[in-house]
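Asks: What would the 3D arrangement of this be:
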Amino acid sequence: MSPVIPDRLFELPHNGQSSLQAQIREMLVSAILNGHIPPGTPMPSGRKLAEQLKVARNTVVLVYQHLVDQGFLVSRERSGYFVSEDILLDRVKMPPSEALKRNSIDWEEKLRFRPTAQRNLVKPADWQQYPYPFIYGQIDSSLFPVNEWRDCCRDAGSISAIHRWSGDRVDQDDPELVEQIHTRILPRRGVWAQPDEILVTLGAQQALYLIADLLLTEDQVVAMEEPGYPDARNIFAARTARIEALAVDDKGLVPGSALSHCQCLYLTPSHQFPSTVTLSRDRRETLLARARQDKFVIIEDDYESEHNFLGDPTPALKSLDRDGVVIYIGSLSKTLAPGLRIGFMVAPAEFIREARALRRLMSRHPPANNQLIVAQFLKRGYHDALVRRLSHSLRDRWHTLRDALNQYLPEWTVSPSTGGSSFWLKGPPGLDARQLHQDCAAQGVLFEAGDVFFLAEPAPQNCLRLGFSSIPVDRIEPGIAKLADVAR
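Replies: Numbering: from 1, shown residues only. Here you go, the predicted model:
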């Protein structure tokens with residue numbers, strides 16, 4: 001006797017975003033593959049399932065037919081549809097009681113270090129549910145170029161395009177994407193590079209990881225800004241404990257004596273992370289001269305260089321480099337979408353050759369389909385148009401947030417800013433920004449407490465960062481008013 005399928009097994013999601021056919025197919029495939037409907041079981045008739053799901057009978061029948069074509073169901077004349085007898089044959093059968101229940105490895109002893117113990121930024125997964133998300137590093141989905149992106153995705157799904165990106169490229173990048181970075185992205189920053197000096201990466205983080213692996217040993221010194229980028233600090237700390245913190249003032253990083261004995265200097269000169277100040281021209285020249293003299297490598301993370309709201313954008317530090325001492329890192333995260341994980345690195349060809357070989361050991365290459373889509377997006381001018389649109393929108397938010405801070409928190413110190421997508425604030429000496437973060441979150445206001453950006457411990461407790469890339473402009477002023485009320 002065939003098992004009876006309980007009716008409650010077939011329920012569509014209340015807020016399904018895909019078509020009815022796609023939802024029904026996903027529901028049935030999940031039930032079959034999870035073993036809830038055993039092989040050989042007869043499926044409900046198309047009419048019965050349609051009545052239960054409150055959809056048209058033809059919709060269910062079309063799904064059944066597609067599942068027959070794909071081997072999930074078999075159709076028997078005058079008998080209906082049945083779950084295929086061999087759909088689960090390639091699976092290992094193991095009773096739950098035989099699953100691993102004990103751990104014979106002492107992982108505390110085995111692990112070389114514990115990344116989970118490092119101090120890092122934490123963003124609520126449900127940040128979009130907060131009415132006042134002054135959160136950094138996310139995009140406003142209403143500004144995403146949906147139609148343009150679909151245009152590029154559609155072309156990347158053509159038969160000729162699939163043949164182009166579906167093969168294993170081993171360690172090679174999409175040549176058209178490299179060409180667009182070479183001719184479109186880099187010249188905007190005053191950087192000129194040959195294709196063999198460019199490597200596509202899985203975001204800026206992978207670039208940093210590759211650089212640290214190739215250049216740092218446990219007895220070498222890496223210098224970076226204080227406060228600075230926690231992810232970079234943690235990547236470096238996985239290789240060496242000798243991290244030197246260099247102060248930042250209104251002109252950017254202050255060159256210090258630590259430069260004379262460091263292997264690398266990491267900095268964010270366009271809009272310093274997190275203070276957003278821009279490194280002055282004379283200090284750029286000083287750092288380049290020191291790098292030549294003391295033989296250290298400068299790692300330039302040029303994030304958010306596109307968004308400048310007062311005056312003209314400052315060319316990249318790499319544009320002044322005549323001696324090959326700067327490794328340049330760029331990313332499309334802040335202009336296109338952070339979820340794409342498309343970044344790039346520019347350095348002398350000898351270094352890029354080794355970084356490419358190391359990347360092959362880690363991930364071979366970033367997904368070729370994504371590279372092709374992004375290449376088309378750049379080639380058709382969609383990215384340039386998006387940057388202009390984003391700059392206009394972020395400029396409005398920048399001015400609105402600055403005015404709101406002057407009105408509601410006039411006693412707080414706001415770091416000098418000419419652009420970017422955040423403000424760095426220093427509150428009164430007794431302020432506990434972590435406690436304020438918790439109190440504000442309970443009122444629907446999100447921001448980042450600033451202690452995590454400091455290498456020094458104990459870190460200052462009265463700093464915080466307000467991002468504005470993902471909050472609608474009309475929520476900025478009431479959000480700052482609420483933050484000020486909670487702070488008082």
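
Asks: Let me see the ranges of the helices in the stretch 51-200 of the chain.
Replies: Here the stretch 51-200 of the chain has its helices, by DSSP state H, counting those that start in this stretch, at 57-69, 107-110, 146-156, 159-165, 175-180, 186-188.

Asks: Which residues does the shortest one contact?
Replies: Helix 186-188 is contacted from outside by 192, 193, 198, 306, 330, 346, using CB atoms under 8 Å, 6 or more residues apart in numbering. Any C-beta I mention is one placed from the backbone N, CA and C, and that applies to glycine too.

Asks: Which neighbouring residues are in contact with the third one, exactly?
Replies: Read it as residue 198. Contacts for residue 198 (CB under 8 Å, 6+ apart) come out as 173, 178, 181, 182, 186, 344, 345, 346, 352.

Asks: just curious, which of these is nearest to residue 134?
Replies: Using CB to CB, residue 344 comes nearest to residue 134 of the contacts of residue 198, at 29.1 Å.

Asks: mind listing which of the contacts of helix 186-188 are in strands?
Replies: 198, 330, 346 (DSSP state E).

Asks: Make JSON lines out of these and add distance to residue 407 and pLDDT.
Replies: Below are the ones in strands among the contacts of helix 186-188 laid out as JSON lines (distance: CB to CB, whole Å; pLDDT from 0 to 100):
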{"residue": "198", "distance to residue 407": "46", "pLDDT": "98"}
{"residue": "330", "distance to residue 407": "36", "pLDDT": "94"}
{"residue": "346", "distance to residue 407": "42", "pLDDT": "98"}
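
Asks: Name the member of those with the shortest distance to residue 413.
Replies: Of all the ones in strands among the contacts of helix 186-188, the one with the least separation from residue 413 (CB to CB) is residue 330, at 30.7 Å.

Asks: For the closest one, which residues are in contact?
Replies: Residue 330 makes contacts with 181, 185, 186, 189, 204, 302, 303, 343, 344, 345, 346, as judged by CB under 8 Å, 6+ apart.

Asks: Recalculate using a threshold of 6 Å.
Replies: 302, 344 (CB atoms under 6 Å, 6 or more residues apart in numbering).

Asks: Distance-wise, check residue 203 relative to residue 304.
Replies: According to CB to CB, to the nearest Å, residue 203 and residue 304 sit 14 Å apart.

Asks: Helices of the stretch 351-488 of the chain, start to end?
Replies: For the stretch 351-488 of the chain, the helices defined by DSSP H, counting those that start in this stretch occupy 368-379, 382-408, 433-441, 476-487.

Asks: Quick one, which of those helices gets closest to residue 213.
Replies: Of these, nearest to residue 213 by CB to CB is helix 368-379, at 22.3 Å.

Asks: And the average pLDDT for that closest one is what?
Replies: What helix 368-379 shows for mean pLDDT is 95.

Asks: Got phi/psi on the residue nearest to the spatial centre of the chain?
Replies: The centroid of the chain falls nearest to residue 338 when counting by CA atoms, centre = their mean (3.6 Å). With angles defined as degrees, to the nearest 10, residue 338 sits at phi -60, psi -30.

Asks: Next one: it from residue 275, what distance?
Replies: Distance of residue 338 to residue 275, given as CB to CB: 21 Å.

Asks: same check, this time on residue 445
Replies: Taking CB to CB, one finds residue 445 at 21 Å from residue 275.

Asks: Show me which of these two is the more surrounded one.
Replies: Set side by side, residue 445 and residue 275 show more neighbours around residue 275, with 28 against 25, by other CB atoms under 10 Å.

Asks: ok, the more buried one to residue 86 distance?
Replies: Using CB to CB, residue 275 is found at 62 Å from residue 86.

Asks: Assess the claim that residue 60 and residue 47 are in contact.
Replies: No - in this structure, residue 60 is not within contact of residue 47 by CB atoms under 6 Å, at 8.1 Å.

Asks: can you give me the end-to-end distance of stretch 67-77?
Replies: This stretch, stretch 67-77, spans 16 Å end to end (CA to CA, to the nearest Å).

Asks: scratch that, stretch 275-283 is what I was asking about
Replies: 17 Å.

Asks: buried stuff in it?
Replies: 275, 276, 277, 278, 279, 280, 283 (16 or more other CB atoms under 10 Å).

Asks: Repeat that for stretch 132-147.
Replies: For stretch 132-147, a neighbour-count test (16+ other CB under 10 Å) marks 132, 133, 134, 135, 136, 137, 138, 139, 140, 145 as buried.

Asks: Do me a favour and get the backbone dihedrals for the residue of the chain most remote from its centre.
Replies: Within the chain, the residue lying farthest from the chain centre (CA atoms, centre = their mean) is residue 78, at 53.3 Å. Main-chain dihedrals, residue 78, degrees, to the nearest 10: phi 70, psi 0.

Asks: Read off the pLDDT value for it.
Replies: In this model, residue 78 is scored at 84, pLDDT.

Asks: again, but for the one 3 residues further on
Replies: Per-residue confidence (pLDDT) for residue 81: 93.

Asks: who's it bridged to?
Replies: residue 75 (DSSP bridges).

Asks: what's next to stretch 68-83, contact-wise?
Replies: With contact meaning CB under 6 Å, 6+ apart, stretch 68-83 is reached by 32, 37, 39, 41, 42, 43, 64, 67, 84, 87.

Asks: For residue 121, see how far away residue 209 is.
Replies: Counting by CB to CB, the gap from residue 209 to residue 121 is 17 Å.

Asks: sorry, that was for residue 24
Replies: As judged by CB to CB, residue 24 and residue 121 stand 40 Å apart.

Asks: between those two, which one's more packed in?
Replies: It is residue 24, of residue 24 and residue 121, that has more neighbours when counted by other CB under 10 Å, with 24 against 16.

Asks: Pretty sure residue 31 sits against residue 37.
Replies: Yes - taking contacts as CB under 6 Å, residue 31 lies within contact range of residue 37: 5.0 Å.

Asks: higher neighbour count, the two?
Replies: More crowded of residue 31 and residue 37, by other CB under 10 Å: residue 37, with 22 against 16.

Asks: Which single one of the buried residues of stretch 132-147 is nearest to residue 414?
Replies: Nearest to residue 414 among the buried residues of stretch 132-147 is residue 134, at 13.5 Å by CB to CB.
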